[in-house]
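1. Let's see this in three dimensions:
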Amino acid sequence: MNSRFHIRIPVACAALAALLAGTFSPSSAQEKKEDFPALVKRLQQAKPEFAERHQKLLDERYDLSDKPAKGAAMSKGKPVQDGVRVKLPEGATWKSLADMKPAEIKAQDLWPAGFFPLPHPHHEAGGMVFPKPQIDEVKKQTERDLTRFDLDFDLPQHLLPEFPAPIYLTTRPDLGDVSKGQLVTLENFNGLFKDILNPKQLEGLRLLLTPFPQAQFNTTDDRRALKAHQGVACFDCHANGHTNSATHTVGDIRPNEHRHRIETPSLRGLNIQRLFGSQRALKTVEDFTEFEQRAAYFDGDPEQAQRKGVNILERGSQVHFMAEFQSILDFPPAPKLNVLGKLDSAKASEAELRGEKVFHGKGQCAVCHVPPYYTDNLMHNLKVERFFKERMINGRKASADGPIKTFPLRGIKDSPPYLHDDRLLTLDDTVEFFNLVLELKLTSEEKKDLVAFLRCL
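-> Numbers count the residues shown, from 1 in each chain. Predicted coordinates for the structure are as follows:
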């Protein structure tokens, strides 16, 4: 056979697979022949198949049931979810895995499925996807619809942060939740904040709430919203300056199979952080704010950004104002901590105090998560690939994650799921994950105590 056919056949198959997945480049000849109604019809027909594929993966990995922890709640009262949700391989126990070397776990293929990278709900398609409460409230207040016709958000609401989240300000801690229990949008922000913020901060907040064109939500005929769309606001993902766990795929990694699912990080405590962006290459919140509009909104594709209507923010009068507001978002109150970020022994339980000792001792957590905000503002490579062989999982290649940022643990109970791609559903899962990755050999009692301490932060 002529060698050129060995090249062309795989390329053609890849193009066909991408077309069926809705990821084929809109600039291609095939896409240009497809009008918007045909695109909608094709992707809606494919939607159930990909939804079923992803749900099967979640069910195989996790216990997704609603199991509130006794006596543990987020800042506004939503129950914290309890227990390890990652399912173990047949015949394995957490103790038996902890007693094995990484090479043994890899050789016997015993790495728990829920500890592999979590793919985007439809990884080949990617793009921003919003939880239903956010979609419903934005539509109610502003008549702007964040629904995608090709896919839906994947994780149950009881495993997500409370919605809408409270807003705490470093400038006015006396006020408590300044959102007054509301999702802040363009419809209500002025009434809520006009007497609290200075004019620059108020204008910054307005811009954070203003929708601008984005890859999936815009006016072009390759969008993923049924109607021509104003776009997406920063606070559509970082709802109330926190997070609603809206997801996306990073724009700065290629090929697509290596792109990470993004866990939307909280903006609380942004003033004490020094690394931003999915690869933490940005060193100021101003850099990050500008980068999001120019690049992250469009999957790191400048050509797509220009075609779909990128919003170029002016650094001095827009980016700076947005950053000024973001920099006064505070962590939630932690009444059991003293001014140094350590437990007050008069307020903490015995289990919480034991957990603090594990955190600073055998658990080695404080090596990276340093009080009072429980971060070192550095990157660390956990080298989780020591435990498994590379494989494709629903369009996502499970391979090396590389360095990841040390996120602050203050208020961590308010920010499930965990790790950079949402793969860990509870704090209990997170403790089990690090017990294996760091080879700590914690006892069952030490793990429970450590979770109890984390809920105090």
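2. Which neighbouring elements make contact with the biggest helix by length in the chain?
-> Secondary structure of the chain per DSSP state H: the longest helix is helix 36-61. Packed against helix 36-61 by the contact rule (3 or more Cβ pairs under 8 Å, 6 or more residues apart in numbering; DSSP states H and E) you find helix 3-21. In short, each C-beta sits where N, CA and C put it, glycine included.
3. What's the mean pLDDT across the helix it packs on?
-> For helix 3-21, mean pLDDT is 36.
4. Repeat that for stretch 352-365.
-> 98.
5. buried ones in that stretch?
-> 352, 353, 354, 355, 356, 358, 359, 360, 363, 365 (16 or more other Cβ atoms under 10 Å).
6. Same check on stretch 136-156?
-> 136-138, 142, 144, 146-155.
7. Hmm, residue 153 is touching residue 127, no?
-> No: using Cβ atoms under 8 Å, residue 153 is not in contact with residue 127, being 11.8 Å away.
8. ok, back up a step: make a markdown table from the buried residues of stretch 352-365 and add secondary structure to it.
-> Below are the buried residues of stretch 352-365 laid out as a markdown table (DSSP: H, G, I helix; E, B strand; the rest coil):
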| residue | secondary structure |
| --- | --- |
| 352 | helix |
| 353 | helix |
| 354 | helix |
| 355 | helix |
| 356 | helix |
| 358 | helix |
| 359 | helix |
| 360 | helix |
| 363 | coil |
| 365 | helix |
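9. Widest-spaced pair of these?
-> Farthest apart among the buried residues of stretch 352-365 by Cβ to Cβ are 353 and 365. That separation is 15.1 Å.
10. rewinding a little: outside of the following helix or strand past the longest helix of the chain, which residues touch it?
-> For helix 36-61, the following helix or strand on the C-terminal side (DSSP states H and E) is strand 68-73. Strand 68-73 is contacted from outside by 79, 80, 81, 82, 83, 158, 413, 455, using Cβ atoms under 8 Å, 6 or more residues apart in numbering.
11. can you pull up the bridge partners for the third one?
-> When assigned by DSSP bridges, residue 81 has beta-bridge partners residue 68.
12. so who does it touch?
-> Contacts of residue 81 by Cβ under 8 Å, 6+ apart are 66, 67, 68, 69, 158, 159, 416, 425, 426.
13. Can you flag the buried ones in those?
-> 69, 159, 416, 425, 426.
14. The second one and residue 425, how far apart?
-> This points to residue 159. Residue 159 is 5 Å from residue 425, where distance means Cβ to Cβ, to the nearest Å.
15. ditto for the first one
-> Between residue 69 and residue 425 the computed distance is 13 Å (Cβ to Cβ).
16. Report the contact partners of residue 165.
-> 75, 76, 179, 239, 240, 241, 242, 243, 244, 414.
17. can you list the domain ranges for this protein.
-> Here the domain parsing of the chain from automatic domain parsing is 62-116+336-454, 128-326.
18. who touches both of residue 159 and residue 425?
-> With Cβ under 8 Å, 6+ apart as the test, residue 159 and residue 425 both reach 64, 81, 416, 417.
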